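Engineer: okay, predicted coordinates and the sequence, questions at the end:
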Amino acid sequence: MATSDARFLDVLTLGVWQANCYVLGDRERGEAVVVDPGQDGGPPVRERLTAHGVDCVAILLTHGHLDHVWAVPELARSLDVPVLLHPEDRWLWDDPAAAFGEMLPPDVLERELGLVWEPPTEQLDAIHDRQRLTFAGFDLEVRHTPGHTPGSSVFLLDDDHALGDPLLLSGDLLFAGSVGRTDFPRGSWEQQLMSLKDAVLSLDDTTRVAPGHGPETTVGTERGTNPFLTQAR
């Protein structure tokens with residue numbers, strides 16, 4: 001995904017979980033934000049920043065699951081930028097293995113995945129529902145959307161951003177034809193349905209949806225075809 005304008009949105013699909021990481025920026029300003037840098041995301045994210053001639057000014061996280069935060073410590077420290085996450089997912093920031101529950105030992109990240117998790121907590125900032133963020137010349141609205149995780153959040157851009165229609169960075173709230181699972185620890189299907197109703201069904205059909213996994217879609221397409229949105233009405 002990209003535009004011929006100075007502003008751009010690139011997607012990188014990372015790691016064994018095929019999680020989408022987004023680089024949203026403005027070449028004229030020389031700035032960008034990175035959303036959800038997952039497994040082995042450091043080198044490709046830096047390559048995208050270099051290719052566009054921009055500096056990262058912040059890392060935004062839709063939630064705290066490992067497939068969306070794997071590269072955060074490396075990137076936050078090397079780029080010297082803040083990391084924004086809803087405080088209800090602080091438990092996952094402190095220990096991403098907690099998302100797997102008690103079925104796996106506490107040292108699973110290092111022993112099975114080779115990841116030594118040392119988060120830069122001094123760079124962590126909290127976000128909250130309806131907060132307005134301004135980075136790289138973009139105005140983003142935070143919508144707290146619990147269900148997949150307690151702190152799951154999405155980022156909404158209106159259509160005044162030179163990227164075309166309104167844009168929803170939906171994390172694992174909404175996918176093309178599906179929604180995020182809620183059977184992980186602290187997930188809630190009831191909350192997921194409310195989040196879908198409040199944060200998705202209230203949007204215009206033309207709103208582009210850039211999800212945490214899979215291809216881009218639109219609110220209109222999902223409203224008409226996604227069976228889970230039918231349940232949320």
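Structural biologist: Structure received. Since this is a predicted model, take the numbers as computed values, not measurements.

Engineer: buried sites along stretch 65-83?
Structural biologist: For stretch 65-83, a neighbour-count test (16 or more other C-beta atoms under 10 Å) marks 65-76, 79, 81, 83 as buried. All C-beta spots, glycine's among them, are computed from the backbone N, C-alpha and C.

Engineer: could you do stretch 206-215 as well?
Structural biologist: So stretch 206-215, judged by 16+ other C-beta under 10 Å, has buried residues Thr207, Arg208, Val209, Ala210, Pro211, Gly212, His213.

Engineer: can you give the distance of it from its chain's centre?
Structural biologist: 11 Å (C-alpha atoms, centre = their mean, to the nearest Å).

Engineer: repeat that for stretch 125-133.
Structural biologist: For stretch 125-133, the separation from the chain centroid amounts to 14 Å (computed by C-alpha atoms, centre = their mean).

Engineer: so for that stretch, mean pLDDT?
Structural biologist: On average, the pLDDT along stretch 125-133 is 98.

Engineer: give me the contact list for it.
Structural biologist: With contact meaning C-beta atoms under 8 Å, 6 or more residues apart in numbering, stretch 125-133 is reached by 60, 82-87, 139-144, 153, 155.

Engineer: can you put the buried residues of stretch 206-215 in CSV and add secondary structure and pLDDT?
Structural biologist: Output for the buried residues of stretch 206-215, formatted as CSV (DSSP: H, G, I helix; E, B strand; the rest coil; pLDDT from 0 to 100):
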residue, secondary structure, pLDDT
Thr207, coil, 96
Arg208, strand, 96
Val209, strand, 97
Ala210, strand, 98
Pro211, strand, 98
Gly212, coil, 98
His213, strand, 98
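
Engineer: closest one to Asp36 out of those, please.
Structural biologist: Proximity of the buried residues of stretch 206-215 to Asp36 (C-beta to C-beta) peaks at Gly212, which lies at 6.4 Å.

Engineer: what packs against the helix or strand harbouring Trp91?
Structural biologist: Assigned by DSSP states H and E, Trp91 belongs to helix 90-94. Packing contacts for helix 90-94, counted by 3 or more C-beta pairs under 8 Å, 6 or more residues apart in numbering; DSSP states H and E, involve no helix or strand.

Engineer: which outside residues touch that helix?
Structural biologist: With contact meaning C-beta under 8 Å, 6+ apart, helix 90-94 is reached by 63-65, 69, 85, 98-99, 119, 121, 124, 149, 151, 186.

Engineer: wait, Arg27 sits on Thr50?
Structural biologist: No - Arg27 is beyond contact range of Thr50, at 12.0 Å (criterion: C-beta atoms under 8 Å).

Engineer: looking at the two, which is more packed in?
Structural biologist: Arg27 (15 against 10; other C-beta atoms under 10 Å).

Engineer: not counting sequence-adjacent ones, nearest residue to the more buried one?
Structural biologist: Spatial nearest neighbour of Arg27, excluding adjacent residues (C-beta to C-beta, 6 or more residues apart in numbering): Ala6 at 4.5 Å.

Engineer: can you check Thr182 too?
Structural biologist: Trp189 (4.6 Å).
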